[in-house]
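Enquirer: requesting a structural model of the entry that follows:
(one chain, ligands or ions: 1)
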Amino acid sequence: MSIKIYGDPGSGSLRRVTSAAAIMGIAIERVNIDLFKGESHTPDFLALNPHGLSPVMVDGDVVLYEASAINLYLAEKAGGDLLGASTRERYEVLQWMFWSGEQWRVFSTLTFDERIAKRFMGQPEDESIVQLAFAKIRAAGAVLDAHLANRQFVVADRLTLADIDIAAPFSQWERTKVPFGESPNLMAWHQRLLDTVPAWADTKREVDTRIDGAFTAAGIEL
Ligand SMILES: N[C@@H](CCC(=O)N[C@@H](CS)C(=O)NCC(=O)O)C(=O)O
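Expert: Next comes the predicted model:
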């Protein structure tokens, strides 16, 4: 039975899962949901994730939401070293994944909601929220920048799930305009991912096509 992944192709959270699955060679069946039409709030979808958020994975009787949890599930299933090659690496990968969720991605999501989603709904952005998010991103970005000064990847010397989780906000950054450009090592690391991880570049094209297409169709210029 195939592993089903529900999500909108414009979602940076879905991208974390589709990228990781492609890197690990795991076949998935994509089920598209249109977030611009509110399809993550239908009764059928809420039965999978009552929070109304995608992605969601269904593998037989296992239903999981939260992209990081899905990626951990897939990585354990596939084996390999995306989750770290030793116990110590594994805990470092988890450390950065948890940090990314609580201290990093959330502020880019907040900016996307404020600056992009509200625009789509014809509502004005609250500049104080954007400024709070930018301050948090600058502080965390400075730490990441120092961490990446002499490293190719976040943990060990190869790609892990930590890189995928931390790179996710780059999915929308050309639209949100969060201040990643102030951190040169962070920018270089992300470019390295695009250059050396084909799945990361492929899924960027998918996200950009979907989001830019939706805004063009709605007559909105970002
Ligand atoms: N922490 C969640 C975030 C999920 C999330 O924010 N998903 C967005 C798309 S990127 C969504 O489904 N939004 C629908 C909505 O807010 O109605 C994860 O990592 O999976």
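
Enquirer: show the contacting residues for F112.
Expert: For F112, the contact set (Cβ atoms under 8 Å, 6 or more residues apart in numbering) comprises 172, 175-176. Placement of C-beta: from N, CA and C, glycine included.

Enquirer: assign it to helix, strand or coil.
Expert: Of the three states, F112 takes helix under DSSP: H, G, I helix; E, B strand; the rest coil.

Enquirer: any idea how far the ligand is from it?
Expert: Distance from F112 to the ligand, counting by Cβ to the nearest ligand atom, to the nearest Å: 8 Å.

Enquirer: one step back: in JSON lines, list the contacts of F112 along with distance to the ligand, secondary structure and pLDDT.
Expert: Shown next, in JSON lines, are the contacts of F112 (distance: Cβ to the nearest ligand atom, whole Å; DSSP: H, G, I helix; E, B strand; the rest coil; pLDDT from 0 to 100):
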{"residue": "Q172", "distance to the ligand": "9", "secondary structure": "coil", "pLDDT": "97"}
{"residue": "R175", "distance to the ligand": "13", "secondary structure": "helix", "pLDDT": "94"}
{"residue": "T176", "distance to the ligand": "12", "secondary structure": "helix", "pLDDT": "95"}
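
Enquirer: of those, buried ones?
Expert: Buried members of the contacts of F112, counted by 16 or more other Cβ atoms under 10 Å: 172, 175-176.

Enquirer: how about the residues you listed in CSV, adding distance to K136?
Expert: Listed next are these as CSV, based on distance: Cβ to Cβ, whole Å:
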residue, distance to K136
Q172, 16
R175, 19
T176, 13
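
Enquirer: domains in this protein, by residue range?
Expert: 3-78, 87-217 (automatic domain parsing).

Enquirer: tell me the SS of the residue nearest to the spatial centre of the chain?
Expert: Nearest to the mean C-alpha position of the chain, by Cα atoms, centre = their mean, lies A168 at 3.2 Å. A168 falls in the helix class when you classify it by three-state DSSP.

Enquirer: need the residues of the chain near the ligand, please.
Expert: By Cβ under 6 Å from any ligand atom, the residues of the chain that approach the ligand are 11-13, 35, 40, 52-55, 66-68, 109.

Enquirer: confidence-wise, which helix or strand of the protein is lowest on average?
Expert: The least trusted helix or strand in the chain, going by mean pLDDT, DSSP states H and E, turns out to be helix 118-120, with a mean of 90.

Enquirer: roughly how far is that helix from the heart of the chain?
Expert: For helix 118-120, the separation from the chain centroid amounts to 20 Å (computed by Cα atoms, centre = their mean, to the nearest Å).

Enquirer: pull out the buried positions in stretch 83-90.
Expert: Under the neighbour-count criterion of 16+ other Cβ under 10 Å, stretch 83-90 has 83-85, 89-90 buried.

Enquirer: low-confidence regions, this protein specifically.
Expert: Along the chain, segments meeting pLDDT under 70 are nowhere present.

Enquirer: please, where are all the helices along it?
Expert: Listed from the start of the chain, the chain has helices (DSSP state H) covering 12-24, 43-48, 67-78, 87-99, 105-111, 118-120, 127-147, 161-167, 173-176, 184-196, 198-217.
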